[in-house]
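A.B. asks: All I have is the shape, not the residue letters:
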């Protein structure tokens, strides 16, 4: 499940996360953002325990968008150990989005 992130909880939810984080910068009025939403939700569901997916509404948290130089949406930023390690813009198809986050996924815990 995706977590809504704002400036107030960014530190706790993203920087301090034990898991790698895929942050999705989006807005209600953005058609490509709405188009990629089901893909982002599917990636979140398929990678529970290996990847945390967070959404940032750029209208509600413009300071975060500015901090990461978001000029167009959707923009995605991958965080690992509290640092931004990858960033891209555009609504990618599921295979491309999955491939983009695959190198950062945390290995599942052994049972």
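C.D. replies: Okay, I see it. Since this is a predicted model, take the numbers as computed values, not measurements.

A.B. asks: In three-state terms, label the closest residue to residue 5 other than its chain neighbours for me.
C.D. replies: Distance criterion Cβ to Cβ, 6 or more residues apart in numbering; nearest residue to residue 5, sequence neighbours excluded, is residue 54 at 4.3 Å. Bear in mind the C-beta positions are built from the backbone N, C-alpha and C, glycine included. When classified by DSSP: H, G, I helix; E, B strand; the rest coil, residue 54 comes out as strand.

A.B. asks: Identify the bridge partners of residue 54.
C.D. replies: On the basis of DSSP bridges, residue 54 is bridged to residue 3, residue 23.

A.B. asks: Report pLDDT for residue 109.
C.D. replies: Here, the pLDDT recorded for residue 109 equals 61.

A.B. asks: what's the answer for residue 53, then?
C.D. replies: 97.

A.B. asks: List the residues that contact it.
C.D. replies: Contact analysis of residue 53 by Cβ atoms under 8 Å, 6 or more residues apart in numbering lists 1-3, 21-22, 24, 40-41, 43-44, 47.

A.B. asks: farthest pair in the residues you listed?
C.D. replies: 21 and 41 (15.4 Å; Cβ to Cβ).

A.B. asks: which one of these two has more residues nearby?
C.D. replies: residue 21 (24 against 15; other Cβ atoms under 10 Å).

A.B. asks: What strand or helix carries the closest residue to that one other than its chain neighbours?
C.D. replies: Distances taken as Cβ to Cβ, 6+ apart place residue 79 nearest to residue 21, at 4.2 Å, with adjacent residues excluded. Using DSSP states H and E, residue 79 falls within strand 75-80.

A.B. asks: List of residues touching the helix or strand that that strand is followed by?
C.D. replies: As assigned by DSSP H and E, the chain's next helix or strand after strand 75-80 is strand 83-89. Residues from elsewhere that reach strand 83-89 (Cβ under 8 Å, 6+ apart): 68, 70-79, 100, 104.

A.B. asks: Please state the offset of strand 83-89 from the chain centre?
C.D. replies: 9 Å (Cα atoms, centre = their mean, to the nearest Å).

A.B. asks: If anything else comes up later, I'll come back, but that's it for now.
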